[in-house]
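Peer 1: fold the stuff below for me.
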Amino acid sequence: MWRIPERLGLMMIVLPMVVYALCGCGCELDRSPGGEGRLVVMTYNVQNLFDPYSDGTEYPEYTPQGGWTGEGYLLRLERVSRAILQTGAMLPDVVVMQEIEHDKVLTTLLEQYLAKRGFQWYAATADPDSAIQTGVISRLPIVSARVHGVPGCRSVLEVTIDADGSPVVVLAVHAKSRSEGVAETEGQRIALTRVLRTVVDELFAVDPFVEVLIAGDFNESADAYLREGSLAQTALVPAGAVGAQDYAAQGSLLLSGSQPAAGTWYSWWLDRSSGITANLDGSYWFRGVWETFDQILLAPGFFDGEGWDYEKGQVDAQHMLCDVSGYPFAWNILLKEGFSDHLPVYMVLRRPNP
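Peer 2: A predicted model of the protein is given here:
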């Protein structure tokens, strides 16, 4: 258990992952973290959040030589904060973020925009050969954190949140992009889910009732296996699909749109009853199709009437996050406009007896 220091400072380094805490904001909060018996988790691919300094791993356009400036960086921070703190939307307690440069951008994001809304804790991966990292920011204490390497892929960031006295484990992920071809990259996404299965098995071996969720950009829709004709293994497979158990044995995660059985994960994207509150059919628009790449998957422990239980999932995007056609208003580095090519996805958990 870590104590929040009196000033911004390094709490612990577990290479290649870092965990910090901010405190002393002395501000009023809309809702106390985890308050009102509600825990709100968001996953958001922010689309390339880079500072203006050259570290050697950036994309060329995000270097001083490429024209990236401090003014552009501050604009990006402001846009990301607005997406997280959308007026009229739910204030998240925990945000899983993809495509951040490193932990330093989280430091600045919290110091300048989010600490006053209660965000004090954060963690980030530090994969040495990757231009982008995965991070978690939280209004609730991060009491432990680990990183799990994935061969040829971005690491899994595991954080344990003290959610009003009940531990919730968040596994933050950013799977391999499909840009080099779906079939050509599927093996790397399966490598990620294989590591996730190992991590989860270890967690359940210690505590069979632990509440675990997996959140992030999977670069694969919940129904991808069915969309692609059920012809080959995918990283995510609906539990009732032909060959599902065989693929699970080879590393795939099994998804369900209803209360999940042991070894299965709940995805509200597959839950027809969630369509009423989902607001949109996806979080990423690609080649004329809504994709459900951004997901928050729940273990069976969120359906047992103990600790935290599932209430609803949805895409919550105010008009500013969408273009005139209703699709994500992607960040455009040349025009210095837009937010992200992904929309934020939310999961609301409730205490059965707050």
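
Peer 1: what residue ranges in the stretch 251-354 of the chain score low on pLDDT?
Peer 2: 275-278, 354 (pLDDT under 70).

Peer 1: just the strands in it please.
Peer 2: In the stretch 251-354 of the chain, the segments counted as strands under DSSP state E, counting those that start in this stretch are 253-256, 264-266, 284-286, 289-291, 294-298, 309-315, 345-350.

Peer 1: which of those sits most buried?
Peer 2: Stretch with highest mean neighbour count among the strands of the stretch 251-354 of the chain: strand 294-298 (a mean of 26; mean count of other Cβ atoms under 10 Å). Where you see a C-beta, it was placed from the backbone N, CA and C, and this is true even at glycine.

Peer 1: so which of the strands of the stretch 251-354 of the chain gets nearest residue 169?
Peer 2: Minimum separation from residue 169 across the strands of the stretch 251-354 of the chain (Cβ to Cβ) falls at strand 294-298, 11.4 Å.

Peer 1: summarise which helices and strands the closest one is packed against.
Peer 2: strand 38-49, strand 211-217, strand 264-266, strand 345-350 (3 or more Cβ pairs under 8 Å, 6 or more residues apart in numbering; DSSP states H and E).

Peer 1: distance to residue 144 for those - can I get that in CSV?
Peer 2: Output for these, formatted as CSV (distance: least, Cβ to Cβ, whole Å):
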stretch, distance to residue 144
strand 38-49, 17
strand 211-217, 13
strand 264-266, 22
strand 345-350, 19
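
Peer 1: out of the ones you listed, which comes closest to residue 173?
Peer 2: strand 211-217 (3.7 Å).

Peer 1: can you list the strands that the closest one pairs with?
Peer 2: strand 166-174 (parallel), strand 294-298 (antiparallel) (DSSP bridges).

Peer 1: can you classify residue 204 by secondary structure?
Peer 2: Under DSSP: H, G, I helix; E, B strand; the rest coil, the three-state class of residue 204 is helix.

Peer 1: make TSV from the strands paired with strand 211-217 and add distance to residue 228 to it.
Peer 2: Listed next are those as TSV, based on distance: least, Cβ to Cβ, whole Å:
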stretch	distance to residue 228
strand 166-174	21
strand 294-298	17
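
Peer 1: tell me which of those sits nearest to residue 343.
Peer 2: It is, among these and with distance given as Cβ to Cβ, strand 294-298, at 7.4 Å.

Peer 1: what mean pLDDT does the helix or strand containing residue 198 get?
Peer 2: Here residue 198 sits within helix 182-206, counting by DSSP states H and E. In this model, helix 182-206 has a mean pLDDT of 96.

Peer 1: tell me the angle it makes with strand 166-174.
Peer 2: Helix 182-206 and strand 166-174 are oriented at 160 degrees to each other (axes from the mean of the first three to the mean of the last three Cα atoms, to 10 degrees).
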